[in-house]
Structures are given as structure tokens and as C-alpha cells.
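Student: no sequence on hand, only this structure:
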Ligand SMILES: [Zn+2]
């Protein structure tokens, strides 16, 4: 519970155990299990992204070795492959949900000509919330907030926020910019809608010296295994 040099690696996962679709952002179930077992063995304790923000930028105490796991978009493999493993270790994670697409396919990818993936529905999201997972904002339709007008951006953030409130019964605390896209207007809107912090897709570790609305993450990709995990958490951030 010491206050000095608080920093938290915020791991960014997308898909777990979905080897046939969009391979770059998919981690196999066996790699995921090895990564979680390895981090658990090192003494890390999982905290949510809201707890990370409150602990790094506020006065809320964090465990001695905090680690935050985030999942973007809510792919079905999360329930099937990732959650059972996290349950074994008693770890909770944070899920960023684009509210328009719950229970559907990730239709925002359609114009990229990639195969589509199934997203979890309201029941699963509600269940995760009940079990202590953090359900957090990711806009309504999964848009590039930096490429649309401020009015549309506000609508996206407002709809996404109220959509999550409808599922979990209160406003979400944290936010993730889809595609890592943001500008000054976007950041102001995220603050306006009551979010205490937001994360990007930039590489790095959450630190007190950083901006709580531009928190970098540690991206975990297909080929990472344990060696890649070590590189991305402890070596890559030192390279700037
Ligand atoms: Zn996303």
C-alpha cells in the first residue's frame, strides 16, 4: 500500500481463443493461460481500470504489485476462453463495450473486409458486472472519434454512456478511445460525461506523471507467449 512510484501495466487484449479470425489481435487460450499463470506467479494482483485510475492518479490504495487486464469490444471468446482462466486465479478484468453492437457481430469492421466476429450480449455483460468485472465505455458504434464532428462525437459518447448505464445500473467510470483515435475535443467530452480516466492504444505503463485521460497500454498480440509478454511489459516501455 505504499504511495511511491505507483505504476500499473494495463494489458490490452482483444480476442482470446479465436484462431480463425483476425489473427493479429487473437491470443490462443493456451498462451493466455501461460501468461496469466506467469504473472500470477510473480505476485501480481489484478485490479480494474477504474481502480488503476483511482490508485495511480488519486489516493485509493492499490495492491503491492497491481496489474490491469483490459479487453476491447467484448468478443465471445472472452466468456468461453479467457474468463474461466481468470476465474481460476480469482482475477477480474475491464471490458470496453461499443453499446450498439452487443450480441451482434463486430459490424464496424465490415468496411475493412475482415471476417466478422461474434460479440457477447447483454446477459453476459450483466453477469460479468455482477461478478466484479468493470464494464466501461467505448462509444456507441465504435467510431474514430478524431475523424468525426464534435456533435457526432458527443452523441457517440452520450449514447455509449447511457447504454452501459442501462445494463449495469450506473454510469461507467472509464473509457477507451476506439482505434486509439482522439483529439482535444474528444478528451473534453470524455471528461464532460463523467469518466475518471481513459486509455489509448499507445504503448506504455500507467504512471502518475502521465495524463489520466491518455493512459497507455501494453498490447498483447498473437505471437507474444511469455517472451513477448516480458518484452512488452518490462523492456518496451524503457525504450520510449
Ligand atoms: Zn475497440
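Tutor: Structure received. On a predicted model such as this, the values are computed, not experimentally measured, just so you know.
Student: so residue 55 sits against residue 45, correct?
Tutor: No - taking contacts as Cβ atoms under 8 Å, residue 55 lies outside contact range of residue 45: 11.5 Å. For every residue, glycine as well, the C-beta is placed using N, CA and C.
Student: which residues are common contacts for those two?
Tutor: When contacts are counted by Cβ atoms under 8 Å, 6 or more residues apart in numbering, residue 55 and residue 45 have residue 66 as shared neighbours.
Student: which ones are touching residue 156?
Tutor: Going by Cβ under 8 Å, 6+ apart, the list of residues near residue 156 reads 139-141, 143, 145, 148.
Student: what's the closest non-adjacent residue to residue 50?
Tutor: Nearest non-adjacent residue to residue 50, counting by Cβ to Cβ, 6 or more residues apart in numbering: residue 173, 4.1 Å away.
Student: so who does the one you found touch?
Tutor: 50, 53, 134, 136, 194-197.
Student: of the residues you listed, keep whichever come out buried.
Tutor: 50, 53, 134, 136, 195-197 (16 or more other Cβ atoms under 10 Å).
Student: how about the strands in the protein?
Tutor: Using DSSP state E, the strands found in the chain span residues 7-8, 10-13, 15-16, 26-27, 45-47, 66-72, 94-97, 134-137, 174-176, 197-203, 206-207, 215-219.
Student: the second one and the ion in contact?
Tutor: No - contact of strand 10-13 with the ion (Cβ under 5 Å from the ion) is absent, the minimum separation being 9.8 Å.
Student: show me what that strand is packed against.
Tutor: If contacts are counted by 3 or more Cβ pairs under 8 Å, 6 or more residues apart in numbering; DSSP states H and E, strand 10-13 sits against strand 66-72, strand 197-203, strand 215-219.
Student: is the residue nearest the centre of the chain in a bridge, and if so with what?
Tutor: The centre of the chain sits closest to residue 70, judged by Cα atoms, centre = their mean, with a distance of 3.1 Å. Applying DSSP bridges to residue 70 gives these bridge partners: residue 12, residue 94.
Student: show me what contacts it?
Tutor: If you count contacts by Cβ under 8 Å, 6+ apart, residue 70 has them with 10-13, 49, 93-96, 176, 199, 217.
Student: any chance of CSV for the residues you listed, columns neighbour count and pLDDT?
Tutor: As requested, the contacts of residue 70 are exported to CSV (neighbours: other Cβ atoms under 10 Å; pLDDT from 0 to 100):
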residue, neighbour count, pLDDT
10, 24, 96
11, 22, 94
12, 24, 93
13, 24, 91
49, 29, 98
93, 22, 98
94, 27, 98
95, 26, 98
96, 28, 97
176, 28, 98
199, 28, 96
217, 25, 94
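Student: nearest to residue 109 among the residues you listed?
Tutor: residue 96 (15.4 Å; Cβ to Cβ).
Student: next up, the contacts around that closest one.
Tutor: Taking Cβ under 8 Å, 6+ apart, we find residue 96 in contact with 70-74, 136-138, 175-176.
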